[in-house]
Structure formats: C-alpha cells, structure tokens
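>>> generate a structure from the sequence data that follows.
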Amino acid sequence: MSSQTGFISHLKWPFWNETQRRLRTGWRLILQLGLFAGLMLLASLVVSPLQKWFFQLSPVLGSAVQAAWLSADSTLNWLLLLFSLWVAARLLDRRPFRAYGFHLNRQWWADLGFGLLLGALLMAGIFLAEYSLGWVRVTGYRQSSFPSFTAGVVFYIFHYVSVGIQEECLSRGYWLRNLAEGFHLPKGGARTALWLAYILSSSIFGLLHLGNPHASLVSTLNLILAGFLLGLPLVLTGELALSIGLHITWNFFQGVVFDLPVSGVGSAVSFLVVDQAGPDLWTGGSFGPEAGLIGLLAMLAGAGLILLWVKATRGKVEFKDELAVYSPPSRKVTDDHPPARL
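Model (predicted):
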C-alpha cells in the first residue's frame, strides 16, 4: 500500500504542491490566463454582433453614444480580468482577492492619487525637456479623428484606465506574487525569491510589447526597466494602487495630452498637435519616449520619488518579503477572514 501511495505522490508532484494543498505556480498561471481568455471569447461572441448593430445606428445616435459604447467595452475588459482573478484567488491560489494588492483603505487611495499625479508630472517633464531643447514643436491644438473631440477624450480615459488596471493586475498583482511564491524554495530565502519574481515579471512585461509598431531591442530593454518602475510600489508596499495610477496617467498624458507615441501607437485624439524631431537615441523616435534616454531618465526620477513617498507614508523603505511567503488558510478563504501573513 505504501509503495502505491509513493507512486501516486510521484505522479502528482509536477502538478500538486502537497504542503500548500494547491496546484503548482506554473499551472495556476496557465489556468488563470486560460480562464481570462475564455471569458473574453464568450464576451466577444455576445458583444461583437451588438457592436456591429450599434455602429450601424451611430450616425443617428451621435458620436457621444458611440464613445460611450467603446468606453463600456474597455470597462468590460478589466472587469472580466478582475473576475478571473477573483475566481483564481478562490479556486487556484486559495487566498482572498485583496491579497493581490487591493486592501482598499485610506492609504490605498492616497497611493492611487500619488500615482496619478506622478505619471502626469513625469510625462510633463519629458515633454517640457524636449520642447526646451527644440526636439518637439507645437503645430496645433485639439486634433481628433473622432466625430467629437470630447467623445474621443472620454473614450481614451476609459481605455487607459482599462490598460492600467489590466496590465498591473496581471504583471504585478498576479504574476509577480505567484512567481515569488513559486521561487521560494525550502533552501532559498524569501528575498531572493521576490527578486527573481520581480526580474522575471518585469522582463515578461517588456517582451510582451515586442509586437508593438516600431518596437526594437532598445524599446524592449527600456520597457523591461519600465516594468521595474511599475513593480517597485508593489514590492515595497504590497499594494497595486500607485502602480495603477502611474500607468494610467503616464499613457494618457503621453498620447492624449502631448501627442507623443505610446509604445509605438499614436493617439486618435490629442490636446496638442506636435511635430517631433531630435535624436532618436534621446526621444525614442516613432516608438515614443519609452524607447529613448529621456524616458529612462524619467523612470529613474519616478523611482526616486516613489522611494520618497514610501518613506514618507510608511516610515521606512524595505522589500515586502512576505509577498514570497504563502500561508495555507486554516479556514474557508474570504475577504473578511484572510489567511495569516497575507
């Protein structure tokens, strides 16, 4: 009987962590992505016919209603992602959803506000630096390929909120945390595991943008560094608020306010119309500041300001090693009764 039990244990080992009583990290990541992809597919089967019919009526309904539809579609995307994470938290990870960085207390909302302000300030700094050096010239104001400028701005607000929430929840909230727990081996320390997860999740974030227009080796390396910047608040505070806020306004001000390419993608609406010149090494050329040295300097400045914010609000700056430590719940996991040490 014991030999049979041992054989079964060997078969289960690649899939099941007996100590934690859950699937191993790789399988959890794959299943969560599969769940999200499945939800998106089901939603598209319902939404696509409705969207086609809706846009046929758009000349009658007006551009504002069309923008409202597109905004609702962006909102649906991040809601489906959050739902997939909620399911994964319960069934795969065996932890409360808020452990992904959503302890919605007063400090969380303050972090979000600081992140929103920081993204706007960093991008304004990039634009003003390029403008003062003669690398960018303002040629007009309020351009839009939408029938209505206001409707276009509203759409992009919802769009970049969706992008910020989705990319931060996946890259930082879910991947970084699960990878850290997966790397935390019996003979390894939590700090080492957290660093490995930090590096790997940031690298994946950069590589996922390889398919963007005008992407290059330089842009990919810079976006890996951007992944480190966006992951810094999580590894220092355990929360996603600052990362989400920074991501949203960095993109919005880059494209919609200052008419600069956002990771190689131009904006259909912008408050300023600019003509960009200057050396590509500094400006990033057609990919935008994220592929240039000026973007790298902004990231370094952003990292410094994040450290100052964490020091001012937490009293100290140190890695949250507990992100790499999993404690199996002793009772049913709920948001009211989270497992210890999470």
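
>>> so residue 323 touches residue 237, yeah?
No. In this structure, residue 323 is not within contact of residue 237 by CB atoms under 8 Å, at 10.1 Å. The way it works is simple: take the backbone N, C-alpha and C, and place the C-beta from them, glycine included.

>>> which phi and psi does residue 148 have?
Residue 148 adopts backbone torsions of phi -130, psi 130, taken as degrees, to the nearest 10.

>>> that one: neighbour count?
Residues contacting residue 148 under the criterion other CB atoms under 10 Å number 16.

>>> so residue 14 versus residue 26, what's the distance?
Residue 14 sits 9 Å away from residue 26, going by CB to CB, to the nearest Å.

>>> kindly report the same for residue 267.
According to CB to CB, residue 267 and residue 26 sit 37 Å apart.

>>> and the two? Which one has more around it.
Higher neighbour count among residue 267 and residue 26: residue 267, with 23 against 13, using other CB under 10 Å.

>>> phi, psi of the more buried one?
Main-chain dihedrals, residue 267, degrees, to the nearest 10: phi -100, psi 140.

>>> and for it, nearest residue in space, chain neighbours not counted?
Closest residue in space to residue 267, ignoring its immediate chain neighbours: residue 255 at 3.7 Å, by CB to CB, 6 or more residues apart in numbering.

>>> phi and psi next, for that neighbour.
Per-residue torsions, residue 255: phi -90, psi -50 (degrees, to the nearest 10).

>>> name the helices or strands packed onto the helix ranked longest in the chain?
In the chain, with assignment by DSSP state H, the single longest helix is helix 25-56. If contacts are counted by 3 or more CB pairs under 8 Å, 6 or more residues apart in numbering; DSSP states H and E, helix 25-56 sits against helix 63-88, helix 177-183.

>>> in CSV, list these along with distance to residue 247.
Below are the helices and strands packed on helix 25-56 laid out as CSV (distance: least, CB to CB, whole Å):
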stretch, distance to residue 247
helix 63-88, 12
helix 177-183, 17
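
>>> closest to residue 128 out of the ones you listed?
Evaluated over these, closeness to residue 128 peaks at helix 63-88, with 29.5 Å, by CB to CB.

>>> so what does the closest one touch, helix or strand wise?
Helix 63-88 sits against helix 25-56, helix 149-168, with contacts defined as 3+ CB pairs under 8 Å, 6+ apart.

>>> hey, which of these is tucked in deepest?
Highest mean neighbour count among the helices and strands packed on helix 63-88 (mean count of other CB atoms under 10 Å): helix 149-168, with a mean of 21.
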